[in-house]
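[1] what shape does this take:
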Amino acid sequence: MTIKFNNVYVENVSTVAGPFVIEGPLKDNFDKKFTDFYDGEKTFEKCEMKELKESIKILLDKTKYNEEDISFGISADLMNQLTISNFVYSNLNIPFLGVYNACASVCEEILIAASILENEKNKKAICTTSSHNMTSERQFRNPVEYGAPKPKTTTFTVTGAASLMLTNAKTDIKVTSATIGKVIDMGVDNVFDMGAVMSPSAAYTLNEHLKQTKTKVSDYDLILTGDLGVYGKDIFKEICEKEYNIKLDKNYDDTATMIYDYKENIYAGGSGPACMPLVVYSSIIPKMKQRIIKKILLIATGALMSPTTCNQKFSIPSVSHAVCLEVI
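    Coordinates of the predicted model:
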């Protein structure tokens, strides 16, 4: 399902980045940085709440809006019951929607917010995401003290938070369309190979978006997937070519492979809901404002895993959603 938007625009963005991310190739582009997994807090979860709160504050400061000026907020994180988002928004005077599509959440947020903003009575929305390597590691894999070796296909969850302000007042970057993905389960049950899990749904969504919008790969200055990683990126390209006859060229990349310096032991690259927005908001949106990049397609990829079902040897389903941003 593809939706086209008439009056939804990007007003501003903010980014807060943590350990490893701030040592990567995008280190000079973030609004705020913190150097350890606690950042002065007593627990990892409180640290993640702090980074999300900071990203929202920075965004409001940039736009000079008060909380009361925002029609609604949509947020996502990886914790059970969206713990991080709920605690942060409980201290904000902003109507709140929580979404969970794992690392596909950022595009889900944008397409939901854009759909609501098409009603001109709603003026502004914020879309926020956060993730933290230690909180996600503890919930989905092993206790952080465990120190188990991992295969090279493992991705390293990004620590950081990012916020986006959408508006129906005209700016220079427009949300032009979005495609809702389909849950795909190819029977992969390896929690250390998320790229293999998510590549089929990413390829499906790309094909659907191109077909529904009557566009081709060369129409975009940049096509980005979320967090397939080094190995998943190659699988994705292979599926696109063999199953859909889509040949990806130099205008394609994966944000998981762009966020870290590979001198660090981060395996196949980044992951987490904050991975794609940290890359896009810190480094791609500024280039769009400078009109260096004019049209991008974001395909956020989500592995819909649960510790319970994984322990019961279930396979891991995946979903991917796409959003197109265009300079006008």
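[2] gap between Phe87 and Val279?
    Phe87 sits 26 Å away from Val279, going by CB to CB, to the nearest Å. In short, each C-beta sits where N, CA and C put it, glycine included.
[3] between those two, which is the more surrounded one?
    Between Phe87 and Val279, counted using other CB atoms under 10 Å, the more crowded position is Val279 (31 against 17).
[4] who are the packing partners of the one helix or strand the more buried one maps to?
    Per DSSP states H and E: Val279 is located in helix 275-279. Under the contact definition 3 or more CB pairs under 8 Å, 6 or more residues apart in numbering; DSSP states H and E, helix 275-279 sits against strand 9-17, helix 105-117, strand 160-167.
[5] 7 Å instead?
    For helix 275-279, the packing partners by 3 or more CB pairs under 7 Å, 6 or more residues apart in numbering; DSSP states H and E come out as strand 160-167.
[6] got the angle between the strand it packs on and helix 105-117?
    Calculated by axes from the mean of the first three to the mean of the last three CA atoms, to 10 degrees, strand 160-167 forms an angle of 20 degrees with helix 105-117.
[7] output the contacting helices and strands for the next helix or strand after strand 160-167.
    Downstream of strand 160-167, the next assigned helix or strand under DSSP H and E is strand 173-179. For strand 173-179, the packing partners by 3+ CB pairs under 7 Å, 6+ apart come out as strand 2-4, strand 9-17, helix 105-117, helix 194-213, strand 318-327.
[8] can I get these in JSON lines with mean pLDDT and distance to Asp28?
    Below are these laid out as JSON lines (pLDDT from 0 to 100; distance: least, CB to CB, whole Å):
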{"stretch": "strand 2-4", "mean pLDDT": "98", "distance to Asp28": "35"}
{"stretch": "strand 9-17", "mean pLDDT": "99", "distance to Asp28": "11"}
{"stretch": "helix 105-117", "mean pLDDT": "98", "distance to Asp28": "22"}
{"stretch": "helix 194-213", "mean pLDDT": "97", "distance to Asp28": "28"}
{"stretch": "strand 318-327", "mean pLDDT": "99", "distance to Asp28": "22"}
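[9] save the ones you listed as JSON lines, and put in mean neighbour count and distance to Pro25 too.
    Below are these laid out as JSON lines (neighbours: other CB atoms under 10 Å; distance: least, CB to CB, whole Å):
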{"stretch": "strand 2-4", "mean neighbour count": "15", "distance to Pro25": "33"}
{"stretch": "strand 9-17", "mean neighbour count": "25", "distance to Pro25": "12"}
{"stretch": "helix 105-117", "mean neighbour count": "25", "distance to Pro25": "20"}
{"stretch": "helix 194-213", "mean neighbour count": "24", "distance to Pro25": "20"}
{"stretch": "strand 318-327", "mean neighbour count": "25", "distance to Pro25": "22"}
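[10] thanks a lot, see you next time.
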